[in-house]
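**Q** prediction below, plus the sequence it came from.
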Amino acid sequence: MIIWRGWGFLAVVYIALCAGLLGGALGSAIAVDGAGGALAGFGVMIGGALTAVHGWYLNIVRPKAKATEWELAERPRLEAAADQGSLVVDSVQPRDRAEAEAMIDSVIADGRRVIGRHGPHSVFWIPMEIIGILALIVGFMLGGYNLFMLVLG
C-alpha cells in the first residue's frame, strides 16, 4: 500500500510514466537489443527531474508565498486594531504602542512559521523533491549502466 500526502502520488506517476514511455514504448520501437533499459533509465531521470521541480514548488516556494500573502493582509488589520485600542492577543491587551508593535510582530512571526512551513506533499513521508533527486541518481545509474552494456556488447 502506497501512502501519500497531498499531491505526493504524482511522484510515482511522473517517474513511472516517463520510464514506461521512454523505456517501453520508445525502447521497443528501436530495433537495438538493450536500448529499452538505457531509455528507461533516462526516463526515470526525466521523471525524477519533473518530480523534484514540482515538489520544490509545492513544498517550498508555494508555502513561502502564501505566508507572505497572509502577512500583507494581516499586518494592516492588526495595526488598525492597535490604533483603535481593540488589539487583544492571547487575552492580553497592550498598554502602549511599543507593546502593541511587539505583539503584532509576534503574531506575524508565529503565523509565518505555521503557514510557511514545509508543504505536506510526500510519499511514505519522504518529500517529493527528495524523491525526485533520488530518482535522478537511480536513473543516471540505471541509464548509464545499460548504455555502457549496450556499447560493450
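**A** Structure received.
**Q** and the residue most central in space within the chain, which helix or strand is it part of?
**A** Closest to where the C-alpha atoms of the chain average out (C-alpha atoms, centre = their mean) is Gly55, at 2.6 Å. Using DSSP states H and E, Gly55 sits in helix 35-56.
**Q** one step back: do I have it right that the residue nearest to the centre of the chain meets Ile133?
**A** No: using C-beta atoms under 8 Å, Gly55 makes no contact with Ile133, being 9.1 Å away. Yep, even glycine has a C-beta here, placed from its N, CA and C like the rest.
**Q** where do the strands sit along this structure?
**A** 4-5, 122-123, 126-127 (DSSP state E).
**Q** the worst-scoring helix or strand of the chain on mean pLDDT - contacts with which helices or strands?
**A** Ranking every helix and strand in the chain by mean pLDDT, DSSP states H and E puts helix 27-29 at the bottom, with a mean of 71. The elements that helix 27-29 packs onto, with contact taken as 3 or more C-beta pairs under 8 Å, 6 or more residues apart in numbering; DSSP states H and E, are helix 35-56.
**Q** next one: the helix it packs on to chain centre, how far?
**A** Centroid separation for helix 35-56 versus its chain: 16 Å, with C-alpha atoms, centre = their mean, to the nearest Å.
**Q** CA atoms only: put that helix into CSV for me.
**A** Extracted C-alpha coordinates of helix 35-56, given in CSV (Å, rounded to 0.1, in the frame of the first residue of the first chain):
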residue,chain,number,x,y,z
ALA,A,35,18.1,0.1,-25.8
GLY,A,36,14.9,-0.2,-23.7
GLY,A,37,16.9,-0.4,-20.4
ALA,A,38,19.0,2.6,-21.2
LEU,A,39,16.0,4.6,-22.3
ALA,A,40,14.1,3.5,-19.2
GLY,A,41,16.9,4.9,-17.0
PHE,A,42,16.8,8.2,-18.8
GLY,A,43,13.0,8.2,-18.4
VAL,A,44,13.5,7.7,-14.7
MET,A,45,15.8,10.7,-14.8
ILE,A,46,13.3,12.9,-16.6
GLY,A,47,10.5,11.8,-14.2
GLY,A,48,12.8,12.5,-11.3
ALA,A,49,13.5,16.0,-12.6
LEU,A,50,9.8,16.6,-13.0
THR,A,51,9.1,15.4,-9.5
ALA,A,52,11.9,17.4,-8.0
VAL,A,53,10.8,20.6,-9.7
HIS,A,54,7.1,20.1,-8.9
GLY,A,55,7.9,19.1,-5.3
TRP,A,56,10.1,22.1,-4.8
